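Asker: need coordinates for the below:
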Amino acid sequence: MRFFIDRPITQGAEIAITDAGIRHQLARVLRYTAGDTMIVLDGKGNEGEAVIQSITKDAVTVKVGVYGRNKNEPEYAVALYQSILKKDKMEFVFEKCTEIGVSRFVPMLSEHSVKQGVNCVRARKIVREAAEQSRRGIIPEISEIRSFADAVQEAKKSGAMCVLAHNEGDTEHLGDFARTHDLSGGINAFIGPEGGFSDAEVAHASQNGFHVVSLGKRTLRAETAAIVASFAVVEQ
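Answerer: Reported below is the predicted structural model:
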């Protein structure tokens with residue numbers, strides 16, 4: 001099993017893990033005992049094989065053996081600017097796009113948004129568990145909610161490539177775009193809500209240097225679009 005811990009990881013270090021959730025998972029769910037091994041991660045791309053020394057009511061003490069950098073992260077940062085969706089769909093996006101390799105989520109309010117908020121505490125738990133399950137080296141960040149206009153300005157100033165998915169008109173497929181452009185500085189991908197972006201939002205993004213791209217011939221649900229877009233840029 002793999003667990004993110006709030007401690008530096010160095011070879012030979014003995015670490016007391018006091019997180020109650022991790023202790024419960026190891027002791028009560030997995031029934032681990034002294035001598036069993038696990039993988040600990042610091043959320044910064046470092047990981048180590050750790051042998052459990054003891055489990056008490058207050059902490060799990062482990063000793064780190066083999067230590068190194070996680071090798072499963074994408075070559076460049078992918079920020080998903082996702083218009084807020086209904087609860088179950090938004091949580092689905094957080095989970096699956098973490099598994100794919102998104103490094104940052106920015107929930108935003110766009111013209112056609114129906115849902116106005118996100119349970120960030122629950123979202124961060126979903127993202128953490130998805131990162132552990134998919135063997136990630138980091139836990140993706142979840143930013144505060146932005147308006148569409150503020151999100152455009154933030155993304156523009158980041159220096160990363162900016163794309164907005166919109167299937168109206170003759171636009172290049174995102175997968176083709178990703179293969180023919182330098183993404184070493186990262187990419188910001190904007191995905192609309194149910195109903196998509198408005199014409200005014202598409203025009204605003206274009207005026208600010210965004211590349212308007214397609215996700216294919218078919219009309220996708222918003223949560224499907226987020227997954228397709230994330231995979232297209234991570235695995236190009």
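
Asker: drop to CA atoms for contacts and neighbour counts, all remaining ones
Answerer: Noted.

Asker: end to end, how far does stretch 102-111 reach?
Answerer: Using Cα to Cα, to the nearest Å, the gap from the first to the last residue of stretch 102-111 comes to 24 Å.

Asker: would you mind measuring from Val163 to Ala151?
Answerer: Between Val163 and Ala151 the distance is 12 Å, computed by Cα to Cα.

Asker: what does Gly48 give?
Answerer: With the distance defined as Cα to Cα, Gly48 ends up 36 Å from Ala151.

Asker: so between Val163 and Ala151, which is more surrounded?
Answerer: Summary of the neighbour comparison: Val163 and Ala151, criterion other Cα atoms under 10 Å, with Val163 having more neighbours (25 against 21).

Asker: isn't that one right up against Ser214?
Answerer: No. Counting by Cα atoms under 8 Å, Val163 stays clear of Ser214, with 9.8 Å between them.

Asker: and the helix or strand harbouring Pro107, which strands flank it?
Answerer: Applying DSSP states H and E as the criterion places Pro107 in strand 104-109. Strands that pair with strand 104-109, judged by DSSP bridges, come out as strand 78-83 (parallel), strand 141-142 (parallel), strand 146-147 (parallel).

Asker: my guess is Ala155 meets Asn188, correct?
Answerer: Yes. Because the distance of 6.5 Å satisfies Cα under 8 Å, Ala155 is recorded as touching Asn188.

Asker: quick check: neighbours shared by these two?
Answerer: Contact criterion Cα atoms under 8 Å, 6 or more residues apart in numbering; residues bridging Ala155 and Asn188 by contacting each: Cys162.

Asker: the two: who's more crowded?
Answerer: In this view Ala155 and Asn188 are compared by other Cα under 10 Å, and Asn188 has more residues nearby, 27 against 21.

Asker: which strand or helix spans the more buried one?
Answerer: Remark: Asn188 resides in strand 187-191, with elements defined by DSSP H and E.

Asker: now the angle from the helix or strand following that strand to strand 187-191?
Answerer: Next helix or strand after strand 187-191 toward the C-terminus (DSSP H and E): helix 199-207. Between the direction of helix 199-207 and that of strand 187-191, the angle (axes from the mean of the first three to the mean of the last three Cα atoms, to 10 degrees) works out to 170 degrees.
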